[in-house]
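S.K.: One predicted model, sequence on top.
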Amino acid sequence: FNGVDLYSLSFIKMSFKKVPLYSLSGLRNEADEHLHEVMQSLGFEESFAVSDIKLVLGYISVGLAGLLYWAEKKYKNDFNNVEYVTMTVNLVMGYFLIQGGLFLYDKLIVEKAKYVGYKKGKKMIVSTWTDDINQTIPHYCIELDYDGYEKTIEKEIGCFFYDDGFLNIEELTSTISKVMDAVDKSK
């Protein structure tokens, strides 16, 4: 096959999951899971800052919940003790503030972002979602925000999958690469 090793082809296909072609969320999730590979092949280095911030906020809220449990055991739920009540109120308020911050961070900053990466100091944010244009043909929408330049790709989601339900990563890479070439030429 023109110098292509059959073993490597089967290994690549095994790294993808077979997805039922009628499962829109399954198709979207499979494509989203492999965005980092696509962007890496285009020269981007993934940034995990978004995930790290969410993890830190999650760990802080777990720590606050643990302190609340510790206070409950130490003071034996004695609500007549002013120190215990003050500590409980502060920990509960802190927990809800952290959870509210996490919710707002998720909704306002992260939104639909599936990938954040850098190439030569320029930031790339890739956001994806699915859209039913005419209720019968679902489209996979990819928004590329490359250092302030935004471009949206909208293509029928079936174009990115083979007939047997495996992701066609070459098509996904090619589609994003064409847009990135146009962006690079315009900058």
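M.R.: Ah, there it is.
S.K.: which residues in this protein form helices?
M.R.: 6-14, 24-33, 35-41, 49-75, 82-104, 169-186 (DSSP state H).
S.K.: In contact with the residue nearest the centre of the chain, which residues?
M.R.: By Cα atoms, centre = their mean, the mean C-alpha position of the chain lies nearest to Lys114, the distance being 3.0 Å. When contacts are counted by Cβ atoms under 8 Å, 6 or more residues apart in numbering, Lys114 touches Asp32, Leu35, Val126, Ser127, Thr128. From N, CA and C alone the C-beta is placed, and that goes for glycine too.
S.K.: rewinding a little: could you export the helices of the chain as CSV, including mean pLDDT and mean neighbour count?
M.R.: Below are the helices of the chain laid out as CSV (pLDDT from 0 to 100; neighbours: other Cβ atoms under 10 Å):
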stretch, mean pLDDT, mean neighbour count
helix 6-14, 45, 10
helix 24-33, 91, 17
helix 35-41, 93, 17
helix 49-75, 92, 14
helix 82-104, 94, 14
helix 169-186, 87, 14
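S.K.: In a markdown table: the ones you listed, plus distance to Glu150.
M.R.: Below are these laid out as a markdown table (distance: least, Cβ to Cβ, whole Å):
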| stretch | distance to Glu150 |
| --- | --- |
| helix 6-14 | 31 |
| helix 24-33 | 19 |
| helix 35-41 | 16 |
| helix 49-75 | 18 |
| helix 82-104 | 22 |
| helix 169-186 | 10 |
